[in-house]
Structures are given as C-alpha cells and as structure tokens.
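Engineer: Just to be clear, the model below is a prediction. Sequence and coordinates:
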Amino acid sequence: MNLVLLLPEDLVAPDRARLTGRRLAHVREVHRAAVGDDLAVGLLGGRMGRGRVLRLDDTALELSLVLDQDPPPKLPLTLVVALPRPKVLNRVVAASASLGVARLVLVNAWKVEKAYWSSPRMAPENLREQLLLGLEQAKDTVLPELRLARLFRPFVEDELPALVGGGTGLVAHPGSAQPFPAVLAAPLTLAIGPEGGWIDAEFQSLLRAGLRPLDLGPRILRTETALAALVGRLGL
C-alpha cells in the first residue's frame with residue numbers, strides 16, 4: 001500500500017478520517033507508523049496529500065488530512081481483455097488500475113470457459129476491491145471504468161467501433177506478423193485475447209470493428225504479462 005486510500009465514509013470531518021479493518025492492519029504491521037507520522041493519502045475520486053497520524057491502536061487509525069495534490073492523469077486507453085482464468089483475474093484487474101487505464105472491458109470469447117463468469121472473483125465487491133488495491137499501489141484515486149461484456153458479438157459489432165472512434169485500435173494476436181505501429185493516435189483501444197489467442201472468427205470481427213493486428217512475437221504470454229508488455233510499448 002503506497003497510498004492510504006480513503007473512502008468518503010471514512011471522513012469524520014472535512015480534514016479528518018478514521019479507518020479500521022484491512023487498512024488499519026496494513027499501516028500498523030507494514031508501515032509500522034506511530035502517532036505524529038505522516039502517510040501518503042488520497043480520497044477516492046478526489047485529491048491526494050498527507051495524513052498525520054493522530055491515533056493508532058488495535059481498534060482505529062485517525063488522521064488529520066491535507067489534500068492538496070491532483071491524482072495522476074488517466075491514460076487515454078481502453079483495454080478489452082478476454083476474461084482470464086479466475087486465479088489470474090485479480091492480477092489483471094489490479095494491474096489495469098495501477099497502469100492508469102481509463103477503461104477496462106472484460107469480454108467473452110470462444111476460449112473463455114463459461115464457469116469463469118460465475119466465479120466468486122467476478123462478484124462486484126471483489127472486482128472493486130482489486131481496483132482499489134491497484135490504485136493504492138500506483139498512488140492514484142480515480143477508478144477506471146469497468147465493464148463486463150458477456151456477449152462477444154453484440155459488444156464488438158455495436159459498441160467497440162464507437163470506443164475506437166477516431167483513435168487507434170489494436171488487437172494482439174499471435175501469428176499476425178504485424179509489428180508495433182510507429183505512430184499511434186489517441187485515444188487507444190487495445191484488445192488482448194485468451195492465452196491461446198482469439199479464434200479466427202473473433203479476430204476477423206475485431207478487424208471489422210476498426211482494430212489493427214499486432215504481433216508481439218512467437219512467444220505465447222500469460223494475460224497479465226501481455227498486458228504489461230503491450231501497455232509499456234504504447235509509450236503513453
């Protein structure tokens with residue numbers, strides 16, 4: 001936790017907050033803070049700054065707040081990611097928030113098992129928790145937009161072209177033999193498929209929606225590895 005992320009309900013006054021639970025435990029056990037110490041804090045959806053510890057015990061953390069910094073700007077990037085395996089999902093969602101993407105769309109695909117959609121990790125409270133953890137890691141306060149597209153074809157045909165708009169759309173696909181474009185017009189939309197790639201019908205649908213093929217080379221990467229590698233190459 002590089003940032004103590006405050007929720008609106010934590011505020012007991014405009015310049016004071018009271019925390020319990022996971023964040024209290026982290027400050028005590030990892031930060032090992034003491035009364036009088038300053039911590040990096042930020043209000044969800046708002047500004048960042050410093051929080052001075054007024055009280056810290058096994059029941060609560062109380063902070064006086066000075067929120068005088070803007071959060072880092074979001075990347076002009078929409079990630080469209082085929083729903084990964086449940087044990088990978090948390091890492092993908094948290095990483096997307098940490099990287100600063102503006103929008104994350106988890107989409108269905110032929111190689112996505114139906115059981116993934118009913119995993120407990122797809123519960124709204126878990127997805128939100130992973131986004132918050134990503135913000136804490138990156139020192140950000142603004143949640144990316146998260147969308148779930150359980151039907152591939154309606155999303156790709158009816159919604160994806162508008163997301164691409166006048167920007168650049170890219171679809172990562174093994175064997176497409178297309179190098180990384182030299183010039184990228186923002187906003188960007190990047191589609192990442194299952195670890196085995198999109199099936200041909202999906203790939204062709206994505207191309208018709210305005211995305212250009214992109215090949216990272218002969219290696220088949222895990223979803224979270226491909227995500228980090230591709231976003232890093234965008235140079236945003």
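Structural biologist: Yep, it's here.
Engineer: okay, CA-based contacts and neighbour counts for the rest of this
Structural biologist: Fine.
Engineer: now the helices: where do they sit in this structure?
Structural biologist: 21-26, 86-99, 114-117, 124-138, 152-154, 160-164, 200-208, 223-234 (DSSP state H).
Engineer: what about those helices, which gets the closest to residue 188?
Structural biologist: helix 160-164 (6.8 Å; C-alpha to C-alpha).
Engineer: What residues of the closest one count as buried?
Structural biologist: Using 16 or more other C-alpha atoms under 10 Å as the test for burial, helix 160-164 gives 160, 161, 163, 164.
Engineer: Over to stretch 19-34?
Structural biologist: 19, 23, 24, 25, 27, 28, 33.
Engineer: likewise stretch 114-122?
Structural biologist: Going by 16+ other C-alpha under 10 Å, stretch 114-122 has these buried residues: 116, 117, 121, 122.
Engineer: Give me the average confidence score over that stretch.
Structural biologist: Taken as a whole, stretch 114-122 has a mean pLDDT of 97.
Engineer: So what touches that stretch?
Structural biologist: Contacts to stretch 114-122, defined as C-alpha atoms under 8 Å, 6 or more residues apart in numbering, come from residues 83, 84, 85, 86, 89, 90, 126, 127.
Engineer: Which one (most neighbours) among those residues?
Structural biologist: Neighbour tally across the contacts of stretch 114-122 (other C-alpha atoms under 10 Å): the maximum, 28 neighbours, falls on residue 83.
Engineer: Surely that residue touches residue 191?
Structural biologist: No - contact criterion C-alpha atoms under 8 Å: residue 83 and residue 191 do not qualify, at 11.4 Å.
Engineer: wait, residue 163 sits on residue 190?
Structural biologist: No - in this structure residue 163 lies outside contact range of residue 190 using C-alpha under 8 Å: 10.4 Å.
Engineer: which residues touch the closest residue to residue 92 other than its chain neighbours?
Structural biologist: Spatial nearest neighbour of residue 92, excluding adjacent residues (C-alpha to C-alpha, 6 or more residues apart in numbering): residue 224 at 5.5 Å. Residues near residue 224 by C-alpha under 8 Å, 6+ apart: 88, 91, 92, 95.
Engineer: ok, residue 224 to residue 121 distance?
Structural biologist: 16 Å (C-alpha to C-alpha, to the nearest Å).
Engineer: Tabulate the buried residues of helix 160-164 (TSV), appending distance to residue 149 and pLDDT.
Structural biologist: Shown next, in TSV, are these (distance: C-alpha to C-alpha, whole Å; pLDDT from 0 to 100):
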residue	distance to residue 149	pLDDT
160	11	97
161	14	96
163	14	93
164	16	93
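Engineer: if I pick residue 206, what's in contact with it?
Structural biologist: Shown in contact with residue 206 (C-alpha under 8 Å, 6+ apart): 156, 171.
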